[in-house]
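Enquirer: Would you be able to build a 3D model of this:
(one chain, ligands or ions: 1)
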Amino acid sequence: MSETARLIIGENAYEFPLVKGTENEVAIDVKQLRGATNGVITIDPGFKNTGSCESAITFLDGEKGILRYRGYSIEELAEEASFLEVAYLLIFGDLPTRDQLSKFLADIRDNSIVDEEVKKILDSFPKSAHPMGVLSSLTAALTAFNPESVNVDSEADMYNAIVRIMGKLPVLVAWAMRKKQGLPLIYASERLDYVDNIIRMMFLKPHKEFFINPIIKNALNKLLILHADHEQNCSASTVRIVGSSHAGLFVSIAAGISALWGPLHGGANQAVLEMLEAIKADGGDTKKYMAKAKDKNDPFRLMGFGHRVYKNFDPRARIIKKAADEVLNDLGVEDPILEIAKGLEKEALEDPYFVDRKLYPNVDFYSGIIYRALGIPVEMFTVMFALGRLPGWIAQWREMRLRKEPIGRPRQLYTGENHRSFVNIDER
Ligand code: SDX
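Expert: Residues are numbered from 1 along each chain as shown. Below you'll find the model as predicted:
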């Protein structure tokens, strides 16, 4: 294969280098395009064909349904690892030794206190506020109480900002949920590991002895791992571009939370449950909703289906579907919604509209069924996605900063009015 790409514009021929990744993907390096061609640029709405960066964090192959974090397969990590091990792997590049993991957990717990003043900000929200808006706001507000987390030019400063957000975000997640439930707001315990602390902070009832149900712990550990990173998705790209201006880590993460909230992205897990509930209320009439999803005049989409990159089964959806059966069975939960979901999936996978467009269930299609079985309110589903995605966002932000990447500033193709002179209001 030639090491360059040849571009012909009018009478002129240009050559641009081809770069190859470690999984043999090939990109045309167009860094010099505009200069070499006297102003010609590329245009690619939604960046469907455009790489924003080189990255060593996550590899996915959408055609083959492959997903790996730092070279380890998602299937192995979901079965064998703890979420905190995976967080360390994504952020620092290798699986931690036992000592490294212990220090990481200790540093996170030592930085898990959230200033009591933050509760006053939380109190200012109406109970009806969506927890994703609360979480994004409180995460940005953390900067006010941790100003040293902004200018992190040294790796030591960066590490301190990382263990702070890893420690404080689960507290904010639990507070956002418990505030709506009218329950007291608590902190992490130094006696518990990372996922145990999440469960305790979210579910502890003041009048009851608290114990960790291993079924819930294993299910949550797996779900958090499956959501931990997904290369340059909408929210990770948001975190990178906000961070590229050298804005602090906390506000970059807050921006990522906001991007994730959208129903086309992480908000889909809540939208899937609401869609399945609507189908159930409609007597389980899946055919009506399939017809709506295919009707170009109907804005309705089959939530939890389709993906920008996966044109095969989302490997995470396979794992979550299997886990949904196991968790509901282990907890003795009967959920008719699961059967509706399976029926909808079967119909879609046999329908030419979905087959021709390679629309398969994605990570969001079954996850809400497990969250609900774990006793998590539907409005908290996307918050749980954010909690899982936190280490991925951190890893992407850290990689971008360590590589000293330039501020993100795309070009555009102007299609507005040509020059015209001002007209006085009485002459318009
Ligand atoms: C996540 O990027 C990531 O990695 C994201 C994520 C992560 O881990 O970070 O994996 C998490 O966001 C998963 C996706 C969650 N969103 C949903 O489930 C919402 C429903 N799905 C879609 O809206 C859609 O599939 C997207 C947004 C996920 C992808 O959209 P694309 O890549 O822009 O594709 P498209 O909109 O151009 O669709 C191509 C065709 C269109 O039909 P035609 O114009 O060719 O006739 O497929 C159709 C679309 O109308 N289509 C759907 C559909 N998804 C696409 N039709 C019905 N139902 C759907 N769900």
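Enquirer: switch to C-alpha atoms for all contacts and neighbour counts from now on
Expert: Fine.
Enquirer: quick one: low-confidence parts of the stretch 151-300 of the chain?
Expert: Of all residues in the stretch 151-300 of the chain, none has pLDDT under 70.
Enquirer: what residues does it put near the ligand?
Expert: 230, 233-234, 264-266, 268, 293-294 (C-alpha under 6 Å from any ligand atom).
Enquirer: Show me what counts as buried in the longest helix seen in the chain.
Expert: For the chain, the helix that runs over the most residues, judged by DSSP state H, is helix 155-181. Buried residues in helix 155-181, counting neighbours by 16 or more other C-alpha atoms under 10 Å, are found at 158-179.
Enquirer: again, but for stretch 204-215
Expert: So, applying 16+ other C-alpha under 10 Å, buried residues of stretch 204-215: residue 204.
Enquirer: One more: stretch 183-190?
Expert: For stretch 183-190, by 16+ other C-alpha under 10 Å, it's 185-189.
Enquirer: Next: stretch 262-275.
Expert: 262-273, 275.
Enquirer: partners of the top strand by length along the chain, with directions?
Expert: For the chain, the strand with the greatest residue count under DSSP state E is strand 12-20. In the sheet, strand 12-20 lines up against strand 4-9 (antiparallel), strand 26-28 (antiparallel) (DSSP bridges).
Enquirer: Including mean neighbour count, mean pLDDT and distance to residue 338, could those go into TSV?
Expert: Below are the strands paired with strand 12-20 laid out as TSV (neighbours: other C-alpha atoms under 10 Å; pLDDT from 0 to 100; distance: least, C-alpha to C-alpha, whole Å):
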stretch	mean neighbour count	mean pLDDT	distance to residue 338
strand 4-9	12	97	49
strand 26-28	15	98	41
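Enquirer: Residue 315 against residue 65, yeah?
Expert: Yes - if you go by C-alpha atoms under 8 Å, residue 315 and residue 65 touch, sitting 5.7 Å apart.
Enquirer: neighbour-wise, which of the two wins?
Expert: Neighbours were counted for residue 315 and for residue 65 using other C-alpha atoms under 10 Å; residue 315 has more, 22 against 15.
Enquirer: residues contacting that one?
Expert: Contact analysis of residue 315 by C-alpha atoms under 8 Å, 6 or more residues apart in numbering lists 65-67, 74-75.
Enquirer: ok, back up a step: from the residues of the stretch 151-300 of the chain next to the ligand, which is closest to residue 123?
Expert: The closest of these to residue 123 turns out to be residue 266 (C-alpha to C-alpha; 25.7 Å).
Enquirer: Look up how far the ligand lies from residue 276.
Expert: Distance of residue 276 to the ligand, computed by C-alpha to the nearest ligand atom, to the nearest Å: 13 Å.
Enquirer: Do I have it right that that residue meets residue 337?
Expert: Yes - between residue 276 and residue 337 there is a contact under C-alpha under 8 Å: 6.3 Å.
Enquirer: Looking at the two, which one has more neighbours?
Expert: Ranked by neighbour count (other C-alpha under 10 Å), residue 276 and residue 337 place residue 276 first, with 25 against 17.
Enquirer: is it fair to say the more buried one lies in a strand?
Expert: No - counting by DSSP: H, G, I helix; E, B strand; the rest coil, residue 276 falls outside a strand, being helix.
Enquirer: Now do the strands in the stretch 151-300 of the chain.
Expert: For the stretch 151-300 of the chain, no strands turn up when DSSP state E, counting those that start in this stretch is the criterion.
Enquirer: Helices of that one, residue ranges please.
Expert: For the stretch 151-300 of the chain, helices defined by DSSP state H, counting those that start in this stretch occupy the ranges 155-181, 194-203, 214-226, 234-243, 249-261, 268-281, 286-294.
Enquirer: The stretch 1-150 of the chain too?
Expert: So, for the stretch 1-150 of the chain - with DSSP H, counting those that start in this stretch - the helices run 33-36, 74-80, 83-92, 98-110, 117-123, 131-145.
Enquirer: Dump those helices to a markdown table, plus mean pLDDT and mean neighbour count.
Expert: Compiled in a markdown table, those are given as follows (pLDDT from 0 to 100; neighbours: other C-alpha atoms under 10 Å):
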| stretch | mean pLDDT | mean neighbour count |
| --- | --- | --- |
| helix 33-36 | 97 | 13 |
| helix 74-80 | 98 | 16 |
| helix 83-92 | 98 | 22 |
| helix 98-110 | 98 | 16 |
| helix 117-123 | 97 | 13 |
| helix 131-145 | 97 | 20 |
